[in-house]
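Student: structure of the sequence below:
(2 chains)
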Amino acid sequence: MLLHDTALVYGRYLRQSLRSRFALLFGVLMPLLYLLFFGPLLTDLPLGGGGSSWQVLVPGLLLQLGLFGASFAGFSIIIEKGHGVVERMRVTPVSRLALLLGRVLRDATVFVFQAVLLVLAAVVMGLRAPLAGVLIGFAFVALLTVSLAALSYALAMRMDTPQSFGPAVNALTMPSMLLSGLMLPMTLGPAWLNALSHLMPFRYLVDAVRDAYVGRYTTPHMLYGVLVAAGLTALSVTVGTRVFRTA
Amino acid sequence: MAIISTAGLARTFLTRSGPVQAVRSVDLTVREGEILGFLGPNGAGKTTTLRMLTTLLEPTGGAATVAGHDLAADPAGVRRVCGYVAQSGGVDPQISVREELVTQGRLYRLTRARAAERAEELARELDLTELLDRKCGALSGGQRRRLDIAMALTHHPKVLFLDEPTTGLDPGSRADLWDLVRRLRDEHGTTVFLTTHYLDEADALSDRLVVVDRGVVVAEGTPGALKLEYGGSIDASLQDTFLAITGRSAGPADQTPVAV
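Tutor: Purely as a prediction, here's the structure:
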């Protein structure tokens, strides 16, 4: 039943995404602008690591895409609550967990699709990376969006207005982006900043994807990245499930 | 025979300014096949009671059974036998009427083919056939209400809960909706539990009324019996009867805080 219901909810929201093609493409705009107007600044700078500056920047932009996109996923559920759609579904026998999973998997699909577009644009700009590494990058984007979207929906279920939800999410995402070295590796910075960034879970994800983009798949970075991504996903889906069961 | 019975049903909300007893203790019974009007002033606890009976909100006290299913022990059973139309309705304005009806059928675990069939049946029954391929957002108020009710009837529920179903409708749409409610009961034996602020509506539709105030049941009976007992005569208006029961117009101002 969970599978049936999840597929049903997933289909409903995927069709919703497909109806607004503009929004579907608009999501890649911010990372694309970074790619076009910020990327070329880095090409001759010594960024460390074994590859070109694109192999450092693109993994960061991929996770930025997931971070900003998925964190705001909850907006849609606040609007749906206003229309009474959430309660209408909650009086049917549908699995409560499916109401979360269907939405979250839709988000993962949308953001992985956007990530593919971003990588294609990056290849045009000059990115060269092994295919396996690029695929690993997409897997991390998927896990990150599943976690953040689940948390976002959980938060949104507890909030009544978009006016309170937006600022709350913004206050969390901006420092997360800056402190995890998504734009530039934290190893370039002073020791205190580098140390502080190790408190951010996204730091481990971006380090792992940067290793993958230069073809290093068995590094400590990769191990920590996988562990943190898996832990974050498990934690977020648990929190989301609890909220959706009782809300 | 009672299809709904509650005993001491209560819900307290914890707010920043302390606990608020939205529903203190509701004891009521609804008989199978009757149309019950659930009345009360704003903030009396009508919607909260409805949300508890439809499993949307867990009670903080008391017990209830709906069509033989215990609310606390078997919420899934309750969901299978009841339909609910909230004040706000519950459809996405961007989605077509057909898609909403089919998805609703699938949420009730109908097969794809059966859900499509059921959508057609419901559309025929509720006069929505011409509108099936329109977006929900493009429907008029009366059409929207019929769609909301169609959604709630997908699984042939034994009990239909309607929360202020005619608020905001024009007189013609209201009259149509009354006919629809009567037809549901007469043709399908559906028990209808409805809240309303329109006393003419309660008078015209309900077999029996239950009046709540400050989270407890303060009166119940047929419209005629209540008029006789509280209004002083069978010819009293329900308006005067209601005011006599809830004490909102005559007498000294009440000092106890009103529950939300």
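
Student: and whichever strand or helix holds residue A:150, what does it pack onto?
Tutor: For residue A:150, the enclosing helix or strand under DSSP states H and E is helix A:131-157. Contacting helix A:131-157 under the criterion 3 or more Cβ pairs under 8 Å, 6 or more residues apart in numbering or on different chains; DSSP states H and E are the following elements: helix A:53-71, helix A:74-83, helix A:96-125, helix A:162-179, helix A:201-213, helix A:220-246. C-beta here means a position set from N, CA and C on the backbone, and glycine is covered the same way.

Student: next, the angle helix A:96-125 makes with the first one.
Tutor: Using axes from the mean of the first three to the mean of the last three Cα atoms, to 10 degrees, the inter-axis angle of helix A:53-71 relative to helix A:96-125 is 150 degrees.

Student: helix A:53-71: how far from the chain's middle?
Tutor: 8 Å (Cα atoms, centre = their mean, to the nearest Å).

Student: ok now the strand or helix carrying residue B:50, how far from the chain's centre?
Tutor: Mapping residue B:50 onto the secondary structure by DSSP H and E places it in helix B:46-53. Relative to its chain's centre, helix B:46-53 lies at 9 Å (Cα atoms, centre = their mean).

Student: residues making contact with it?
Tutor: B:4, B:6, B:9, B:11, B:22-23, B:26, B:38-40, B:57-59, B:64, B:66, B:71, B:78, B:82, B:84, B:87, B:161, B:163, B:193, B:195, B:212 (Cβ atoms under 8 Å, 6 or more residues apart in numbering or on different chains).

Student: cool, stretch A:169-187 as well?
Tutor: Under Cβ under 8 Å, 6+ apart, the answer for stretch A:169-187 is A:34, A:38, A:42, A:47-49, A:56-57, A:60-61, A:63-64, A:67-68, A:71-72, A:74, A:152, A:155, A:189, A:193-194, A:196-197, A:199-203, A:205-206, A:210.

Student: buried ones among the residues you listed?
Tutor: Neighbour-count burial within the contacts of stretch A:169-187 applies to A:34, A:42, A:47, A:49, A:56-57, A:60-61, A:63-64, A:67-68, A:71-72, A:74, A:152, A:155, A:197, A:200-203, A:205-206, A:210; the criterion is 16 or more other Cβ atoms under 10 Å in any protein chain shown.

Student: and residue B:36, what are its bridge partners?
Tutor: In this entry, residue B:36 is beta-bridged to residue B:193, residue B:208, by DSSP bridges.

Student: how close does the closest residue to residue B:108 other than its chain neighbours get to residue B:104?
Tutor: Spatial nearest neighbour of residue B:108, chain neighbours left out: residue B:155 (4.4 Å); criterion: Cβ to Cβ, 6 or more residues apart in numbering or on different chains. Applying Cβ to Cβ, to the nearest Å, the value for residue B:155 to residue B:104 is 9 Å.

Student: look at the closest residue to residue A:230 other than its chain neighbours and say how many residues are nearby.
Tutor: Residue nearest to residue A:230 in three dimensions, not counting chain neighbours: residue A:143, with 7.3 Å by Cβ to Cβ, 6+ apart. Using other Cβ atoms under 10 Å in any protein chain shown, residue A:143 has 21 neighbouring residues.

Student: what's near enough to touch residue A:143?
Tutor: Per Cβ under 8 Å, 6+ apart, neighbours of residue A:143: A:229, A:230, A:232, A:233.

Student: what's the closest of those residues to chain B?
Tutor: Among these, residue A:233 lies closest to chain B (Cβ to the nearest Cβ), at 26.4 Å.

Student: quick check: mean pLDDT of the helix holding residue B:50?
Tutor: Here helix B:46-53 scores 94 as its mean pLDDT.

Student: check stretch B:118-137 too.
Tutor: pLDDT averaged over stretch B:118-137 gives 95.

Student: what ranges in chain B fall below the confidence cut-off?
Tutor: B:248-260 (pLDDT under 70).

Student: can you classify the closest residue to chain A within it as helix, strand or coil?
Tutor: Nearest residue of chain B to chain A: residue B:90, at 2.8 Å (Cβ to the nearest Cβ). When classified by DSSP: H, G, I helix; E, B strand; the rest coil, residue B:90 comes out as coil.

Student: hang on, it packs against residue B:147?
Tutor: No. Judged on Cβ atoms under 8 Å, residue B:90 makes no contact with residue B:147 at a distance of 9.6 Å.

Student: out of the helices and strands packed on helix A:131-157, which is closest to residue B:181?
Tutor: Closest to residue B:181 of the helices and strands packed on helix A:131-157, according to Cβ to Cβ: helix A:74-83, at 23.3 Å.

Student: excluding residues flanking it in the chain, which one is nearest residue A:61?
Tutor: residue A:31 (4.2 Å).
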